[in-house]
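Colleague: sequence and computational prediction follow.
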Amino acid sequence: MNGYLKVRDECAVCAQELHHQRADDGPAYVTILVAGHLLAPLMLIVFELYRPDPLVLTVGFSIVFIAMALYLLPRIKGAFVGLQWAKRMHGFAKV
Ligand SMILES: [Zn+2]
């Protein structure tokens, strides 16, 4: 990666061309899928155990969700590019 989400044109170590990766919306979709499925049951558990004020529950889980999404997004994007490389998709086949 070059910055937070920009994929480098080529690998700094082995010069593998990466400019033809096509992660598109996939990483965002999987990030929401994973974070949502982890936090939705947790939200129910917290609500049943502690009955917090709805505003506290909303703000608290929003902060946790945003933090989790920001942490997961670049890692899942890297996994997408790695999967495309491993499957020889989108121009990774040549050479
Ligand atoms: Zn490399």
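Modeller: Looks like it arrived, so ask away. Computed from a predicted structure; not experimentally measured.

Colleague: doesn't V64 fall inside a strand?
Modeller: No - assessed with DSSP: H, G, I helix; E, B strand; the rest coil, V64 is helix; it does not lie in a strand.

Colleague: residues contacting the nearest residue to it once chain neighbours are set aside?
Modeller: Excluding its sequence neighbours, the residue lying closest to V64 (Cβ to Cβ, 6 or more residues apart in numbering) is L39, at 6.5 Å. Just so you know, the C-beta spots here come from the backbone N, C-alpha and C atoms, and that holds for glycine as well. Applying Cβ atoms under 8 Å, 6 or more residues apart in numbering, we find L39 in contact with 61, 64-65, 68.

Colleague: tell me the buried residues in the helix or strand that contains L39?
Modeller: Per DSSP states H and E, L39 falls inside helix 26-50. Buried positions in helix 26-50, judged by neighbour count with 16 or more other Cβ atoms under 10 Å: 26-27, 30-31, 35, 39, 43, 46.

Colleague: let me see the backbone angles for D24.
Modeller: D24 adopts backbone torsions of phi 50, psi -130, taken as degrees, to the nearest 10.

Colleague: no wait, E17
Modeller: Residue torsions, per degrees, to the nearest 10, at E17 are phi -70, psi 130.

Colleague: nearest residue to it in space, please, no chain neighbours.
Modeller: E10 (5.1 Å).
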